[in-house]
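Student: would you be able to build a 3D model of this:
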Amino acid sequence: MNIRRWLTRRGPLIMATLAITVAAAVISPASASASTTNVNCSLSVFNPRQNAGLVTADAYVFCNGLTSGINLSLDLTRDGVIVDSVLTGGSLGASALVAVACVPGSYVATAWATIWYPFGNIPGAESISWSSAIIPITCAPTPPVVAPPGNQSTFVYDSDELQMTATGGTVPYTWSATGLPAGFSINPGTGLISGASTRIATSTVTVTAVDTAGRSGSTQFTWAIRREPCPRC
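Tutor: Numbers count the residues shown, from 1 in each chain. Alright, predicted model coming up:
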């Protein structure tokens, strides 16, 4: 038997078998990718609402998988005029928040989302828009907010004054104070604290403003009455 001749004929058969095996390995992953689960996203817009002295609204994009990118824009309109707008983005989802000072009117929040899905997803991209209901907001007044004046210091036997201020609520305010240093008082109509100190001490002062609807706000600070370092200099 001619062994060399037999090996020569056997060689092409072996190479052909290897070629078929490699081709099968290349085709196999392609068939598996056809079963990839699609990524889906949804857009939600929440009604405008009053939050203290603000009107706020928000929108969200929720996805069940990772996207190639999301652009989310949100507009807040009052009586048909845009009063705030924001643009945000993300990949697994996105959120947007608008907020403006409360002014009475009819508010609507409208959102637009452009979504790019991963390669091979069906669909490859989409745009979604959604608007909230029309929400009338009357903007009920908020309680007064008393501005903190910071800690105070006065030399004993000296006169001094401090003007208190507040915002919000319904003016005029009625002012009161507790813990004032001896010799000082507050004007209930103007909020002016004035007087002359009579003894050395450090007091914790609480000042309160009450508006015409009975809503109140307060602030607290310390007031130190100190000995003058050189009273006869």
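Student: walk me through the domains of this protein.
Tutor: Domain ranges of the chain: 41-137, 145-226, per automatic domain parsing.
Student: can you put these in a markdown table and add mean pLDDT and mean neighbour count?
Tutor: Glycine gets a C-beta too; all of them are placed from N, C-alpha and C. Shown next, in a markdown table, are the domains of the chain (pLDDT from 0 to 100; neighbours: other Cβ atoms under 10 Å):
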| stretch | mean pLDDT | mean neighbour count |
| --- | --- | --- |
| domain 41-137 | 95 | 16 |
| domain 145-226 | 96 | 16 |
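Student: export stretch 49-59 to CSV, keeping only CA atoms.
Tutor: Taking Å, rounded to 0.1, in the frame of the first residue of the first chain, the C-alpha atoms of stretch 49-59 are listed here in CSV:
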residue,chain,number,x,y,z
ARG,A,49,-49.4,72.1,41.4
GLN,A,50,-48.8,74.7,44.0
ASN,A,51,-45.9,74.0,46.4
ALA,A,52,-45.6,76.8,49.0
GLY,A,53,-45.0,79.9,46.9
LEU,A,54,-44.2,78.0,43.7
VAL,A,55,-46.0,76.3,40.9
THR,A,56,-44.2,73.1,39.9
ALA,A,57,-44.6,70.3,37.3
ASP,A,58,-42.5,67.3,36.3
ALA,A,59,-42.1,64.7,33.6
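Student: and that stretch, how far out from the chain's middle?
Tutor: Its chain's C-alpha centre and that of stretch 49-59 lie 11 Å apart, by Cα atoms, centre = their mean, to the nearest Å.
Student: likewise stretch 209-229?
Tutor: Using Cα atoms, centre = their mean, the offset of stretch 209-229 from its chain centre is 31 Å.
Student: ok, the spatially most central residue of the chain to P188 distance?
Tutor: For the chain, L97 is the residue whose C-alpha lies nearest the centre (Cα atoms, centre = their mean; 6.3 Å). In this structure, L97 and P188 are 41 Å apart, going by Cβ to Cβ, to the nearest Å.
Student: before we move on, what about V146?
Tutor: 14 Å.
Student: swap in A109?
Tutor: Using Cβ to Cβ, A109 is found at 43 Å from P188.
Student: host element of the closest residue to L97 other than its chain neighbours?
Tutor: Computed as Cβ to Cβ, 6 or more residues apart in numbering, the closest residue to L97 that is not its neighbour in sequence is D58, at 4.7 Å. Secondary structure from DSSP states H and E places D58 in strand 54-63.
Student: good, wrapping up.
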